[in-house]
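> Kindly return the folded structure for what I paste below:
(chains A and B)
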Amino acid sequence: MVLQLHVWGPAFDLPSIDAQCLAAIAYCSEVLPKDSWELIASSDPSVSPTGELPALQNGSIWVSRFRNIVDYLRQYSEGAWNLDQDLDDVQKADSVAFSSFIESRGQSLIDLYLYVTSQNYYNNTSPAYGALLQWPNQWILPPKLHSAAKTRTEHLGLSSLDLQAMEDQRKREHSAAVASGQIPSNLIQQPRDTVSKLLGRTAQTNQFRLEALTADFFEPLEAMLARNKTCLLPADDNNNPSSLDCVALGYLSLALVPELTFPWLRDAMRAKAPLLAAYTERMRSRCFGDAPVEPKHAFQPVPAALPWRAPERISVAAVGSTLLGTLADNTPFLREVRQNRRLKQAVQADSEFSSVEKQVLSSYADSSNKDMLLSVATAVAGTAALVGYMVHVGLLSFSTAGVEEEEESEQDAGVLQIDPGSAADFLGAF
Amino acid sequence: MPPKGPDSPPEESNASPFFTVPAPIKRLFDKFPLTTYPANEIPQRLRPHDNVNQLYVFTDASGARHGRPSFNPQCLKWQAYLKFVGIDFEITSSNNHASPNGSLPFLLPSLPADASNPIPSHKIQKWAIEQVHCEEEQQLNMRFEVYASLLDNRIRSAWLYMLYLDSENFDAVARRLYVNPTTSNSVVRAALGHQLQQAARDELLKTSRYIDAAALEADAGGAFAALSTLLGEDEHFFGRPNPGLFDASVFAYTQLILDDTLGWKRNRLAQLLKEHPNLVQHRDRLLKFF
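Alright, predicted model coming up:
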């Protein structure tokens, strides 16, 4: 059985646009024999039952997320396909800690770099997605990923990289100030700085913030590399990479390789961590081949460093289900029901869960469904109470004139009788 | 009030019906106040402590009196850190609404007495270094930030799941600690509880498409194993003679996970943690500071 690795498609000369997918590709290319696996740029999380990419398919078994794939390959091959088998305890601890460090810090930086920085998103990332996604996903997925990246990086307080958010905020503040008309001018907040201003003014706090973020990320990695020379964590005496190096390659190559409009992360990496930049280039040509990967390689495979296989054409049914799913996800309440159901299904499909855990998780999904129904009921009850109160107070008057007009309404009954029918017609039209 | 002279301005005479008081009532009110009591004392709990730093944390009244560990990991981290570096302080029960930046803990220093600006949690370390000239531990070992990311991500996610999204634990622990003290109104309690759970759920869904409890626990187990290896046979992390910020960060979670008085219904993290006796002993050693 040939293992199939489903990933987000290639972009920026790299085999994938997603760091976790790059890490999974690097790991598979290191650990798996050349003809035992295929790489499929399906670029659609809905191909996998877990709804996530990267996903490894072995017949009917699906495994998603990098760490789960590593674990699965080890178990499936009974220990043969494992880059980390020769690590001692201290190295294993380092591997876990550095992976967590790279995944958390690196993901924030990549989010800021590719998605939140408006110039890069609109000039580079968004067109790249356009080239690798099929209709209708190219209209649906990029905005989702964009907003997810924004929520993930909100706590960093660097939204001034996001020109659109800033423009919105400026307009909001301006209109609020104009509407009130009497706010003293020194109380109206000044609009925040744009990226171009940011570039021009080095003494900006945001610049400091970015400097601090990139330094915090690169310094420990550079120090680790200086100690171990060829790899972050050599798997054996021949300096072969371990799983940690694959993770690092995933995030660092996205920082280093893409040609973007505003390359602040690449500049920071080259300036602060020259060893790391050289190491990333080295690892990249080792795992992904020397030639840059272009999107067309994934769709019309030619013999290349990576075992590409063309993804199946998207079917009408898949398009329909994507559209329906998007519609449902954008409907309040339905979204939450679907979210909870997704958790439950994933749990019951996964045979690795013990029965206790299954029960716990399904009861969680049930209870959050109950929560959701409760909040619907609360909203309905609240509205009813408000309307009742307004009637009681007299803000709304359904019946105040009713007594006097009763005779009139009897005369008008012929006219009124049309209304229910027309309303039904109106509803029937849907 | 004396009757107005004929030469008083016309406006005043127009306004007079509103401002004159009938003579009998005026005589009555002239007798007031009958007695004047001395001013009330400022309430006991608001009396300014002139010479003690105040750390505002999530805790209950008796916990605040005895300086017991807070039940919030973030608060406990800084509470423990200040204890470890030897700064005197008292803790005060509070909530997020009291804080200048919207989250606890924050510190109200005693000095300088005139300008007591609150210090938010991310500046407490800097303040402590200025006070007692302890080391900034992040600079001493490059592994500090790397291993701290285990606590801030993997263990925190598993903690959020265990405390807020496991419904039995939420009812037994989080509701009792965070929701019930704020109000006795059951409708408000239900709404607050729902908000808390939703916030935890949103936090976990930021990094993954669905919440996979088994994966969260497995990650936390791996993180505990890595921390245990890092600690090794040492008394404190990074072989320091005295506990410091990293010990405080670890203790903040291990103490709460192992604290049976919180009333956990299902405590998978404690099972994972007890596989590493050196972390349990580390927690027991540090608990003696309280």
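
> Touching, residue A:270 and residue A:276? I think so.
No - taking contacts as C-beta atoms under 8 Å, residue A:270 lies outside contact range of residue A:276: 9.2 Å. C-beta here means a position set from N, CA and C on the backbone, and glycine is covered the same way.

> okay, now residue 55: neighbour count?
In the absence of a named chain, chain A is used. Residue A:55: 25 surrounding residues under other C-beta atoms under 10 Å in any protein chain shown.

> um, chain B though
29.

> now do residue A:140
By other C-beta under 10 Å, the residues close to residue A:140 number 15.

> Identify the residues contacting whichever strand or helix holds it?
Assessed by DSSP states H and E, residue A:140 sits inside helix A:137-153. Residues outside helix A:137-153 that contact it (C-beta atoms under 8 Å, 6 or more residues apart in numbering or on different chains): A:43-44, A:107-108, A:111-112, A:114-116, A:121, A:125-126, A:129-130, A:133, A:159, A:162, A:165, A:314, A:322, A:326, B:206-207.

> Just the residues you listed: which are in strands?
Among the contacts of helix A:137-153, no member is found in strands (DSSP state E).

> Tell me if I'm right that residue B:127 and residue B:109 touch.
Yes - using C-beta under 8 Å, residue B:127 makes contact with residue B:109 at a distance of 6.9 Å.

> Quick check: residues of chain B near chain A?
B:142-143, B:145-147, B:149-150, B:152-154, B:165-167, B:190-191, B:194, B:197, B:201, B:205-215, B:219, B:222-223, B:225-230, B:266 (C-beta under 8 Å from any C-beta of the partner chain).

> Please, a ChimeraX command that selects the buried ones among these?
Of the residues of chain B next to chain A, the buried ones can be selected in ChimeraX as follows, counting by 16 or more other C-beta atoms under 10 Å in any protein chain shown:
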select /B:142,143,145,146,147,149,150,153,154,165,166,167,190,191,194,197,201,208,209,210,211,212,213,214,215,219,222,223,225,226,227,228,229,230
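
> ok so, going back, which residue of residue B:127 and residue B:109 possesses the greater neighbour count?
Each of residue B:127 and residue B:109 has its neighbours counted (other C-beta under 10 Å); residue B:109 has more, 20 against 15.

> OK, now which residue of the stretch 1-150 of chain A is nearest to chain B?
Taking C-beta to the nearest C-beta, chain B has its nearest neighbour within the stretch 1-150 of chain A at residue A:93, 3.7 Å off.

> And the pLDDT for that residue?
For residue A:93, the model assigns a pLDDT of 92.

> May I have the residues that are in contact with residue B:268?
B:162, B:217.

> ok, then the element right after the least confident helix or strand in chain B by mean pLDDT?
Least confident element among the helices and strands of chain B, by mean pLDDT, DSSP states H and E: helix B:10-19 (a mean of 54). Using DSSP H and E, the next helix or strand after helix B:10-19 towards the C-terminus is helix B:23-30.

> Output that following helix as CSV, restricted to C-alpha atoms.
Extracted in CSV, the C-alpha atoms of helix B:23-30 (Å, rounded to 0.1, in the frame of the first residue of the first chain):
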residue,chain,number,x,y,z
ALA,B,23,-42.3,80.0,58.2
PRO,B,24,-43.3,77.0,60.4
ILE,B,25,-41.4,74.5,58.3
LYS,B,26,-38.4,76.8,58.3
ARG,B,27,-38.5,76.9,62.1
LEU,B,28,-38.7,73.2,62.3
PHE,B,29,-35.7,72.7,60.0
ASP,B,30,-33.7,75.3,61.9
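
> Selecting buried members of the contacts of helix A:137-153 in ChimeraX, what would you type?
Buried subset of the contacts of helix A:137-153, written as a ChimeraX selection, criterion 16+ other C-beta under 10 Å:
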select /A:43,44,107,108,111,112,114,115,116,121,125,126,129,133,159,162,314,322,326
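
> Quick check: beta-bridge partners of the most centrally placed residue in chain B?
Nearest to the mean C-alpha position of chain B, counting by C-alpha atoms, centre = their mean, stands residue B:57 at 2.4 Å. Bridge pairing for residue B:57 (DSSP bridges) gives the partners residue B:93.

> how close does it sit to residue B:99?
With the distance defined as C-beta to C-beta, to the nearest Å, residue B:57 ends up 10 Å from residue B:99.

> which residues do the two both contact?
Here residue B:57 and residue B:99 have residue B:105 as joint contacts, going by C-beta under 8 Å, 6+ apart.
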